[in-house]
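*Asks:* coords below, sequence missing:
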């Protein structure tokens, strides 16, 4: 899109095809090409012999809607991202004024490339994310301070190892289903994307991006 004072570039992709890591790898590689790079610095890996390349095909009945499934970070210490997630979980749950005995769920999308054994290429191009559900009683989550929720999120992320990743794929292949979106039970939250992606300082070689000096 051409603007009065420059060019606006937009891009979108279906999450069934790629995840955020692949998307931003593509976008940042595009900036290299526009600057005239003769060689891509981080070549994407298009290998399709991985646990995430299933042969299972979703088959939808003509008259019925698709079946929905029921309702990364550093793994050495609690990260600021995990702490932020815990704060959001507590704050949103409190604002919803839910019954103390109700179960609340906080889902986090995680990159599985480094969790597999052997590890996937960091530049594997495709979708290599899974959703980690974290469960807590509303009363318990709110009765404790933020560190309690952060520790719960951290523990579940650390536990999501090679075995868990492969088990998740196996379970899905045994019962193919779409990933649930929304908040069907009124007590769920899903955290997506990641602050680690290079989003705001892409250099296309066309001059400094407007507002980039403020980032």
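*Replies:* Received, thanks. Every value quoted in this text rests on a predicted model; they were computed, and no experiment measured them.
*Asks:* so where's the protein uncertain?
*Replies:* 1-3, 58-76, 195, 200-201, 208-215 (pLDDT under 70).
*Asks:* for residue 36, give me its contacts.
*Replies:* residue 205 (Cβ atoms under 8 Å, 6 or more residues apart in numbering). In this view, the C-beta of every residue, glycine as well, is placed from N, C-alpha and C.
*Asks:* element containing it?
*Replies:* Under DSSP states H and E, no helix or strand contains residue 36.
*Asks:* quick check: longest helix in this structure by residues?
*Replies:* helix 80-96 (DSSP state H).
*Asks:* partners of the most centrally placed residue in the chain in the sheet?
*Replies:* Among the residues of the chain, the one closest to the centroid is residue 109, at 3.5 Å (Cα atoms, centre = their mean). Here residue 109 sits in beta bridges with residue 131, as judged by DSSP bridges.
*Asks:* hmm, residue 131 and it touching each other?
*Replies:* Yes - Residue 109 lies in contact with residue 131 (Cβ atoms under 8 Å); the separation is 5.5 Å.
*Asks:* spit out the residues that contact those two alike.
*Replies:* With Cβ under 8 Å, 6+ apart, residue 109 and residue 131 have common neighbours residue 190.
*Asks:* about what we covered before: next up, the contacts around the residue nearest to the centre of the chain.
*Replies:* Contacts for residue 109 were tallied using Cβ under 8 Å, 6+ apart; they are 19, 129, 130, 131, 132, 190, 191, 192, 193.
*Asks:* the second one: neighbour count?
*Replies:* Think residue 129. By other Cβ atoms under 10 Å, 23 other residues sit near residue 129.
*Asks:* cool, the fourth one as well?
*Replies:* Neighbouring residues of residue 131 were enumerated by other Cβ under 10 Å; the total is 16.
*Asks:* what's the closest of the contacts of residue 109 to residue 88?
*Replies:* Residue 88 has its nearest neighbour among the contacts of residue 109 in residue 191, at 7.4 Å by Cβ to Cβ.
*Asks:* I figured that closest one hits residue 108, correct?
*Replies:* Yes - using Cβ under 8 Å, residue 191 makes contact with residue 108 at a distance of 5.0 Å.
*Asks:* the more surrounded of those two?
*Replies:* residue 108 (25 against 19).
*Asks:* so what's that one up against?
*Replies:* If you count contacts by Cβ under 8 Å, 6+ apart, then residue 108 has 85, 131, 132, 134, 153, 157, 190, 191 around it.
*Asks:* for residue 181, give its distance to residue 15.
*Replies:* Here residue 181 is placed at a distance of 10 Å from residue 15 (Cβ to Cβ, to the nearest Å).
*Asks:* so for those two, which residue has more residues nearby?
*Replies:* residue 15 (14 against 8).
*Asks:* ok, now which ones touch the more buried one?
*Replies:* Per Cβ under 8 Å, 6+ apart, neighbours of residue 15: residue 127.
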